[in-house]
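> need a structure here:
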Amino acid sequence: MSAIDSSEFPALAAPRPGTGGTSMRQSLRAMRENALTAHPPANFSADIIAQRVLWRRMFIINEPGAIRYVLLDNAANYTKSEVGRRLLEPGLGRGLLTSEGETWRRHRRIMAPSFDPRSIVGYGPIMTDVTLDLLARWDALPEGSEIDVAAEMMHATLHIISRAMFSSDSDEIVDAVESGVNLYQTTVRPSLLDLLHFPQWLARLVAPLPTAGIFDEFDRKVDRLLTERGRVPEAEPKDLLARLIAARDVETGGGMTAKEVRDQVVTIFMAGHETTSQALAWTWYLLSLHPDVEAKLHAELAEVLGGRTPRYEDIGNLRYTRMVIEESMRLYPPAHTTGRQPVAPDEILGHRIPAGAEVLIMPWLLHRKPQLWENPDRFDPERFAPERAAERPRFSYIPFGAGPRICIGAAFAMAEAVLILATIAQRYRLHLKPGHPIEPQGLITLRPRYGVRVTLERRKDAAALAS
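A predicted model of the protein is given here:
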């Protein structure tokens, strides 16, 4: 029996159903505004969903074995979705999210050492220092102050990745990128011509993407840093930027050009802070609705930490803290959809998949599939206790993707989320503002459309954090 079993469970926020009819134009408009509204309840139970937009075929794969086949067993036949590349490449360039083939493999090999476990240990103090700075700001507020914790988590994770990337040059970079990332998220949408795979030049002529100038200031600052560090390489701080500049491919001995470094930097910024911040925003929302889970979290923090600031070495003992985050990412996966296209025709679950068809894998559906998850709409961190997790198919839970293209920063993101949650939860409880609307909105990532407005309560029973 679940540790949070009770007679009543709060209803969790769901996308507002689309309105205004069912024509293709209306459906497209709804999908552009919120990609999650296009899925009726039956889609959560289906193994595969075959759809058509005029002559374009689309398949949503929602069965763990078939997902394994696409992302791992036959991954060589499935490239990243062209629609996704069209949306991301104008801003991100050809980083790990958008590159393919040998370019992607070379960049992955070069970047992998910067995200291995030994490297992440070194980023731990940055994660807690930024969180303590946030708490110092909260401590200066009157008791019961109201904040948007989604915005607060965004700001914190952006400062963390910025300090890890740029060391002492980080603050000016934060100001340059924060508005750009938010603008990119909220304005860039696929057009019908994109979905139908019209030539890109024609799609952009008819429906230009509002990306011009979004990252210009960021690019100028990064170009300046690359130039300065190139002049005096021995004076470089040993941050992530320095590691990317110095990194060499173990197979070829080559490094990355300045343009390639820039593209990886902006990709790390977009993917590296956005997904963690959204996972934490949804975690605070869920904890505010489930005081029994929150109490168990507090008990673990008291036992493991006793009021001191967590360190990277504590993460292995903060098991329930991690389970809370994992369950939050099950219900509200920041990367809610991933797209692939087969190079050659294929067959999946009895369906013929034409070359070039759109193949979507949606953690938003998979993570709530009733055949895989008992009471899938309940918040129950105990699902991720080792003995229960071992009972599920391996590819039933994929918040960071899977296969060769699994997120390179997954371990960084989990360490960051655990340390931020543990540090804040020792000192504060966050209460959802009564009447504040919470609506999941499927943009490039899964965001709370109206933010997460909460009031702050200082915990009276928490020991003072050690310095």
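> tell me which stretches of this protein form strands.
48-53, 56-61, 78-80, 146-148, 338-342, 346-348, 351-353, 358-361, 428-432, 440-442, 446-448, 453-458 (DSSP state E).
> same list (those strands) but as CSV, adding mean pLDDT and distance to residue 183.
Just so you know, the C-beta spots here come from the backbone N, C-alpha and C atoms, and that holds for glycine as well. Shown next, in CSV, are these (pLDDT from 0 to 100; distance: least, Cβ to Cβ, whole Å):
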stretch, mean pLDDT, distance to residue 183
strand 48-53, 89, 27
strand 56-61, 92, 28
strand 78-80, 94, 23
strand 146-148, 98, 17
strand 338-342, 95, 23
strand 346-348, 98, 37
strand 351-353, 97, 36
strand 358-361, 95, 25
strand 428-432, 98, 27
strand 440-442, 93, 15
strand 446-448, 95, 13
strand 453-458, 98, 22
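> deepest of those, which one?
strand 446-448 (a mean of 25; mean count of other Cβ atoms under 10 Å).
> returning to that earlier point: tabulate the strands of the chain (TSV), appending distance to residue 107.
Output for the strands of the chain, formatted as TSV (distance: least, Cβ to Cβ, whole Å):
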stretch	distance to residue 107
strand 48-53	32
strand 56-61	26
strand 78-80	13
strand 146-148	35
strand 338-342	19
strand 346-348	26
strand 351-353	28
strand 358-361	22
strand 428-432	38
strand 440-442	28
strand 446-448	26
strand 453-458	39
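> of all those, which lies closest to residue 315?
strand 428-432 (20.3 Å; Cβ to Cβ).
> list the contacts of the residue nearest in space to the middle of the chain.
For the chain, the residue nearest the mean C-alpha position is residue 275 (2.3 Å; Cα atoms, centre = their mean). Residue 275 makes contact with 334-335, 407, 413, 445, according to Cβ atoms under 8 Å, 6 or more residues apart in numbering.
> about what we covered before: quick one, which of the strands of the chain gets closest to residue 216.
That would be strand 446-448 among the strands of the chain, by Cβ to Cβ, at 24.0 Å.
> strand partners of that closest one, parallel vs antiparallel please.
strand 440-442 (antiparallel) (DSSP bridges).
> could I get the contacts of residue 275 as CSV with distance to residue 222?
Shown next, in CSV, are the contacts of residue 275 (distance: Cβ to Cβ, whole Å):
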residue, distance to residue 222
334, 25
335, 25
407, 22
413, 22
445, 22
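> from those residues, which land in helices?
Those of the contacts of residue 275 mapping onto helices are residue 413, per DSSP state H.
> of the contacts of residue 275, just the buried ones, ChimeraX syntax please.
Buried members of those, defined by 16 or more other Cβ atoms under 10 Å, are picked up in ChimeraX with:
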select :334,335,407,413,445
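> which of the contacts of residue 275 lies closest to residue 215?
Using Cβ to Cβ, these come closest to residue 215 at residue 445, 17.3 Å.
> okay, that closest one: pLDDT?
Reported pLDDT at residue 445 in the predicted model: 90.
> need the phi and psi values for it.
phi -120, psi 180 (degrees, to the nearest 10).
> mind listing what the spatially closest residue to residue 123 that is not a sequence neighbour touches?
Nearest non-adjacent residue to residue 123, counting by Cβ to Cβ, 6 or more residues apart in numbering: residue 164, 5.0 Å away. The contact partners of residue 164, by Cβ under 8 Å, 6+ apart, come to 123, 126, 239-240.
> repeat that for residue 248.
110, 254-255.
> do you know how far it is from residue 109?
Note on residue 248: its distance to residue 109, by Cβ to Cβ, to the nearest Å, is 9 Å.
> just to revisit the earlier point, which among the contacts of residue 275 gets closest to residue 455?
residue 334 (24.6 Å).
> can you count the residues close to the residue lying closest to residue 266 once chain neighbours are set aside?
Computed as Cβ to Cβ, 6+ apart, the closest residue to residue 266 that is not its neighbour in sequence is residue 92, at 5.5 Å. Counted with other Cβ atoms under 10 Å, residues neighbouring residue 92 total 26.
> would you agree residue 92 is in contact with residue 265?
No - here residue 92 does not reach residue 265: they are 9.8 Å apart, not a contact under Cβ atoms under 8 Å.
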